[in-house]
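In: below are the sequence and a predicted model for it; my questions follow.
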There are 4 protein chains.
Amino acid sequence: MKRGKAAAPNAGAAAMLREFIADIEALEEEKAAIAERIRARKADAKACGFDTKVINQMLKERRMDRADREEFAALCDIYRAALGMLDGTPLGDAARKRLMGEAPKPEEGEEAPSPAASEPSFDPAKIREEGMQAAREGKRVIDNPYVAGDPRRALWDEGWCAQTGSDGMEIPAAWRRKEKKKPKGEGDGDEGAVADGKGEEE
Amino acid sequence: MKRGKAAAPNAGAAAMLREFIADIEALEEEKAAIAERIRARKADAKACGFDTKVINQMLKERRMDRADREEFAALCDIYRAALGMLDGTPLGDAARKRLMGEAPKPEEGEEAPSPAASEPSFDPAKIREEGMQAAREGKRVIDNPYVAGDPRRALWDEGWCAQTGSDGMEIPAAWRRKEKKKPKGEGDGDEGAVADGKGEEE
Amino acid sequence: MKRGKAAAPNAGAAAMLREFIADIEALEEEKAAIAERIRARKADAKACGFDTKVINQMLKERRMDRADREEFAALCDIYRAALGMLDGTPLGDAARKRLMGEAPKPEEGEEAPSPAASEPSFDPAKIREEGMQAAREGKRVIDNPYVAGDPRRALWDEGWCAQTGSDGMEIPAAWRRKEKKKPKGEGDGDEGAVADGKGEEE
Amino acid sequence: MKRGKAAAPNAGAAAMLREFIADIEALEEEKAAIAERIRARKADAKACGFDTKVINQMLKERRMDRADREEFAALCDIYRAALGMLDGTPLGDAARKRLMGEAPKPEEGEEAPSPAASEPSFDPAKIREEGMQAAREGKRVIDNPYVAGDPRRALWDEGWCAQTGSDGMEIPAAWRRKEKKKPKGEGDGDEGAVADGKGEEE
DNA sequence: AATGCTCCAGCTGAGC
DNA sequence: GCTCAGCTGGAGCATT
């Protein structure tokens, strides 16, 4: 039965239906085979100590293109801040940049928005290499010399992490998911109310 | 029809079945009504300029307790760094803390890990208020005086954002989702390969 | 917190966001509570010997209105017949009726399509009662006196089933799901090919 | 990149992670391609006048093996009868057979359960051919000569349908899904209550 | 055409 | 160990 010819012209409804069904079932079989291989690969990763959930998140993030990803992350940061959910993690750079375009009108004539200037005057690969070198020398991740808002900070981090995960050592504990305890605690006090944005004690 | 009595004992299969079905359908009706109200509320939010997708993300994050949320975020940061996906956003503090417990053994005797020390000696509410005050004075978000790694940085951000969103003004543009352009571009160059961790240009 | 006024006018973005989130979380909590009760009810039914999967199917069918339900069932029958999947169950009446409107043009003047005539001249409740009476008298389901195509056949069945499930006896074995055996048989010979509609042996 | 060796031994966590991600992404790409082809095929079928929803149902039924399928269908019939949802379609043969094993104890010594006797003494292909022949001769589907309960009835139907759908004619109207009207009617009177099994008018 | 909702299958994690 | 239920993510569908 030839393909591409709209399932054989003039074949009669029942025959056409049978062909459609057969085609689709064959394709679904292929699909199931692929899914099986994906599952196996994820099981491998898990056996190596990686966290499946995080891997799935990475795959998801990589599916959207970079622009969307950044915008989404920035908006999340902003909303999180408004809800008091920053939990000690400051706004990302994309969120800062986004918030710069407007709001509390700065006096005109002030120095230009220096951070996150559009064109970097440095070599990203070099900064990353600095981070890798630092990791090799036994420096800690908090020894990152670049201050927040400096785009080089992320690059240095990236190099440090890549190096730390790349040398001969086994998968570091920090990469593994901690075991759950689940003492059946009913709620944890953080739930039940949206932060009112004014601080609990003032 | 009384509840709790195992749906009327000795009632015969058909009658029991009818009762189960009736009960469940009544409950599902209630559930559908609630879902309808949720949908309406989200529609309100959208009409006010909020991004539904981000709101959903917030709801999701708020469902997991804080500890899980932080651990997950930290692991994501670490994996992202290893994959070259930091995209200009440096590691979060939780990730840094997590990476501190091990790895490139620092020389002993060095100063203790000062950042993210377990007990804060400052008043969170006060720092948040500083950020709000700064926003009221027209300061920009990048004027945050606390350096990265300092837990006060996030608190200041939080206050600044809450203030910026709280004054009389309409919803700031930065809070809204940008319009999609969709030039039907097939791929964007970022796809197709995992970063090899060495930089593309070196 | 007043409802219906678009979440407090002029309240500032952050405050509005907080209110939206709080509202939605409250509603979701209610929804979760309902879902919990539904789950409990289904568990009860299962404990009584009913098959959860079939109950779900019933709920689903009852959600669509009668016309849709009949049309869908009829189409399924027709397609099933074309694929050789009737498995011993003949076409339902709805399918027959549907197939009557067209196709192998019968000679005009022939006797009118007597079965499934639009207006029944009998009392449905009476026929159902006949079935119930038959069940009470120990008649078997195959003793249904009405031939196929007669709309009374279904009504009699209905009464018989309702009676059989309604008397004091426990849930009959026929109502329960048989246990799975799962001999790990790889395929069962029926799979792999669509029936070619010509019979395997001719 | 060799497979089966647990993703290169001793390669360092970051490198391993990158390899896992790359592998999985490649597989997901393949999977997406297959899914695309399936979707296209279904679109073809829809364009030919088939009802996608029914096709999906057929695929689903064909996924479960024949025994499960029959048991499920029989249980559905029985529950439907108890809920007064038979809608004019009598119990299927499988349901009748299932209900025979027990229930209103028939007097022993009576004639053996003749219908659905285990070993058919007829040739299934021949009966199917009879149905096809009848269709060719312009007979209508209600001219099926076999009474309900006779296993040959389904076979004849099968042949008739296959023939009707197989001859040169275009897809018959009976095979197509009727258009929805959706006059936004709120409820249809059938909802709201489970049939009480006693008839509405008695 | 694009977006959001609904549904379902498949994956993940718990339980026996 | 496998099964099972809950759940999340993806696909179809209706809507605008």
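Out: The structure has been received and is ready for your questions. Since the model is a prediction, treat every value here as computed from it, not as a measurement.
In: can you pull the domain assignment for chain A?
Out: The record's domain parsing of chain A by automatic domain parsing lists A:14-50, A:64-100, A:122-172.
In: can you redo those domains as JSON lines with distance to DNA strand E?
Out: C-beta here means a position set from N, CA and C on the backbone, and glycine is covered the same way. Shown next, in JSON lines, are the domains of chain A (distance: least, CB to the nearest atom of the strand, whole Å):
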{"stretch": "domain A:14-50", "distance to DNA strand E": "4"}
{"stretch": "domain A:64-100", "distance to DNA strand E": "11"}
{"stretch": "domain A:122-172", "distance to DNA strand E": "17"}
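In: TSV please, covering those and showing distance to B:Glu130, mean pLDDT and mean neighbour count.
Out: Formatted as TSV, these follow (distance: least, CB to CB, whole Å; pLDDT from 0 to 100; neighbours: other CB atoms under 10 Å in any protein chain shown):
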stretch	distance to B:Glu130	mean pLDDT	mean neighbour count
domain A:14-50	40	91	18
domain A:64-100	14	85	22
domain A:122-172	17	89	20
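In: want to throw the ones you listed into JSON lines with distance to B:Ala81?
Out: Shown next, in JSON lines, are the domains of chain A (distance: least, CB to CB, whole Å):
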{"stretch": "domain A:14-50", "distance to B:Ala81": "14"}
{"stretch": "domain A:64-100", "distance to B:Ala81": "14"}
{"stretch": "domain A:122-172", "distance to B:Ala81": "4"}
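In: with distance to chain C added, can I get those in JSON lines?
Out: Shown next, in JSON lines, are the domains of chain A (distance: least, CB to the nearest CB, whole Å):
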{"stretch": "domain A:14-50", "distance to chain C": "4"}
{"stretch": "domain A:64-100", "distance to chain C": "4"}
{"stretch": "domain A:122-172", "distance to chain C": "23"}
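In: OK, contacts around A:Tyr146?
Out: The contact partners of A:Tyr146, by CB atoms under 8 Å, 6 or more residues apart in numbering or on different chains, come to A:Ile127, A:Arg152, A:Arg153, A:Trp156.
In: now do the SS call for it.
Out: Secondary structure, DSSP: H, G, I helix; E, B strand; the rest coil: A:Tyr146 is coil.
In: not counting sequence-adjacent ones, nearest residue to it?
Out: Spatial nearest neighbour of A:Tyr146, excluding adjacent residues (CB to CB, 6 or more residues apart in numbering or on different chains): A:Arg153 at 4.0 Å.
In: which residues does that neighbour contact?
Out: By CB under 8 Å, 6+ apart, A:Arg153 lies in contact with A:Asn144, A:Tyr146, A:Val147, B:Pro90, B:Ala148.
In: look up how far B:Ala148 lies from the first one.
Out: By that I understand A:Asn144. 8 Å (CB to CB, to the nearest Å).
In: overlap in contacts of those two?
Out: Going by CB under 8 Å, 6+ apart, residues that sit against A:Asn144 and also against B:Ala148 are A:Arg153, B:Pro90.
In: will you turn the contacts of A:Arg153 into TSV that also has distance to B:Asp123?
Out: TSV is the format used below for the contacts of A:Arg153 (distance: CB to CB, whole Å):
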residue	distance to B:Asp123
A:Asn144	27
A:Tyr146	29
A:Val147	24
B:Pro90	26
B:Ala148	21
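In: among those, which pair sits farthest apart?
Out: Using CB to CB, the contacts of A:Arg153 span at most 9.9 Å, a distance reached by A:Val147 and B:Pro90.
In: closest one to A:Glu70 out of the contacts of A:Tyr146, please.
Out: So of the contacts of A:Tyr146, ranked by how close each gets to A:Glu70 (CB to CB), first place is A:Arg153, at 16.1 Å.
In: state the helix or strand in which that closest one lies.
Out: According to DSSP states H and E, A:Arg153 maps onto helix A:151-166.
In: and A:Glu129, by the same measure?
Out: With secondary structure defined by DSSP H and E, A:Glu129 is part of helix A:124-136.
In: if we can go back for a sec, common neighbours of A:Val147 and B:Pro90, please.
Out: Contacts common to A:Val147 and B:Pro90, judged by CB under 8 Å, 6+ apart, are A:Arg153, B:Ala148.
In: the longest helix out of those in chain A vs chain D: in contact?
Out: Ranked by residue count under DSSP state H, the longest helix found in chain A is helix A:13-47. Yes. Contact of helix A:13-47 with chain D (CB under 8 Å from any CB of the partner chain) involves A:13-17, A:20-21, A:23-25, A:27-28, A:30-31, A:34-35, A:37-38, A:41-42, A:44-45, A:47.
In: how far out from the middle of the chain is the helix holding A:Arg153?
Out: When C-alpha coordinates are averaged (CA atoms, centre = their mean, to the nearest Å), helix A:151-166 and its chain have centres 16 Å apart.
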